[in-house]
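J.: Based on what follows, work out the 3D shape:
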Amino acid sequence: MESMGELLKAWPTGQALTEQAEHKLTELLAEPQVEKLRMKYPDLDVQTIRLNLNRVYQYVTEYRNCSNCPGLDKCPNDFEGHYTLLSSDTMNGVTQLYDRKVACKKFIARKTEEQIRSRVRSFYIDEKALQRGYSSDEILTNDLERAKAVGQVLRYIDRTREHGLQEEGLYLAGRFGTGKTFLMCYLLHELAKAGYSGVIVYMPDFVEDLKSLMHEPGKLKETVEMMKETDLLIFDDMGAENLNPWVRDHVLGAILNYRMQRKPTFYTSNYELEALERHFSFTSKDGDELHKGQRIMDRIRPYVEVVMVTGENKRGRK
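T.: Residues are numbered from 1 along each chain as shown. As a prediction, the model looks like this:
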């Protein structure tokens, strides 16, 4: 009985296919990647390559695609963000060729970034502020007037990476548009890389939403518990909210009372601490309540390092 190969050769189409395969084999054997593969695995002979022609072809093709990478979203490989890696093994005189899919650096970087972002939650904060990435050098040179503040933030990040969560957070005070929120988003992103979870809350909108949450006790409890337990909590634009006694005493007070001496809380504000205390001491409902303002500040002032953020207003600047 004739072999399958002999039958194929007997037919014009079969012979053409065989010739095409041999031509492809000759091309592949001349490929630098195949030459390197054979140098790595000396037992990898021509016959084994012939039997695994499709695997070797895919290996070479995907290597070329990766060498001229059009970007992860346009990856031409069969499995997006992965390439074929070949290995060979000889056992009992028989050489086998094996293939496996390996994630490329761009794919790994994207997955790492997704994991980092999953550790950070934001309420009413522009997501662009969380997703933008700058090196520490760029942050320092972007506005030399705020270099001292940037230095304090970078040192805080380094301390946390080296020694773990700190008892103290940071209180960033300064004029409108000097980059306080951006610096806090940068801190969150950098410490998320180290495995810490974080929440950033834009206070004016959050306080307004709390009024509706009064009628949803389950959702309110879930929100408060999340803010209590997250590793890093940032209250953005503190002092710009329309405060009422319930928010101040029963929500904000409960969160801060739990976190002090446990986990750091951070703030950005246009007010310095003394002015913030006056803000907390007055509500539209009850008027002046100095002792209530002092009580909240006793949960803030001892647990923050004050950072004065100076520089030009960057809002609206292209």
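
J.: residue ranges for the strands of the protein, please.
T.: Counting by DSSP state E, the chain has strands at residues 82-91, 94-103, 120-123, 169-174, 198-202, 232-236, 265-269, 282-283, 287-288, 304-309.

J.: can you put these in a markdown table and add mean pLDDT and mean neighbour count?
T.: Every C-beta, even on glycine, is put in place using the N, C-alpha and C of the backbone. Shown next, in a markdown table, are those (pLDDT from 0 to 100; neighbours: other CB atoms under 10 Å):
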| stretch | mean pLDDT | mean neighbour count |
| --- | --- | --- |
| strand 82-91 | 94 | 16 |
| strand 94-103 | 94 | 14 |
| strand 120-123 | 81 | 18 |
| strand 169-174 | 96 | 24 |
| strand 198-202 | 94 | 22 |
| strand 232-236 | 96 | 26 |
| strand 265-269 | 97 | 25 |
| strand 282-283 | 70 | 18 |
| strand 287-288 | 62 | 10 |
| strand 304-309 | 95 | 18 |
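
J.: I'd like to know which of those strands lies nearest to His189.
T.: Between His189 and the strands of the chain, the shortest separation by CB to CB is 7.0 Å, and it involves strand 120-123.

J.: circling back: could you dump the strands of the chain to TSV with distance to Arg159?
T.: Formatted as TSV, the strands of the chain follow (distance: least, CB to CB, whole Å):
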stretch	distance to Arg159
strand 82-91	38
strand 94-103	33
strand 120-123	20
strand 169-174	11
strand 198-202	16
strand 232-236	13
strand 265-269	14
strand 282-283	36
strand 287-288	39
strand 304-309	10
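
J.: Among those strands, which comes closest to Gln20?
T.: Across the strands of the chain, closest to Gln20 is strand 94-103 (CB to CB), at 20.6 Å.

J.: Counting by contacts, list what the closest one packs against.
T.: helix 46-51, helix 53-67, strand 82-91 (3 or more CB pairs under 8 Å, 6 or more residues apart in numbering; DSSP states H and E).

J.: any idea how far the residue nearest to Trp246 when sequence neighbours are not counted is from Glu208?
T.: The shortest distance from Trp246 to any non-neighbouring residue, by CB to CB, 6 or more residues apart in numbering, is to Met214 (7.5 Å). Separation of Met214 from Glu208 (CB to CB, to the nearest Å): 12 Å.

J.: Would you mind naming the residues that bridge with Arg100?
T.: Counting by DSSP bridges, Arg100 forms beta bridges with Leu85.
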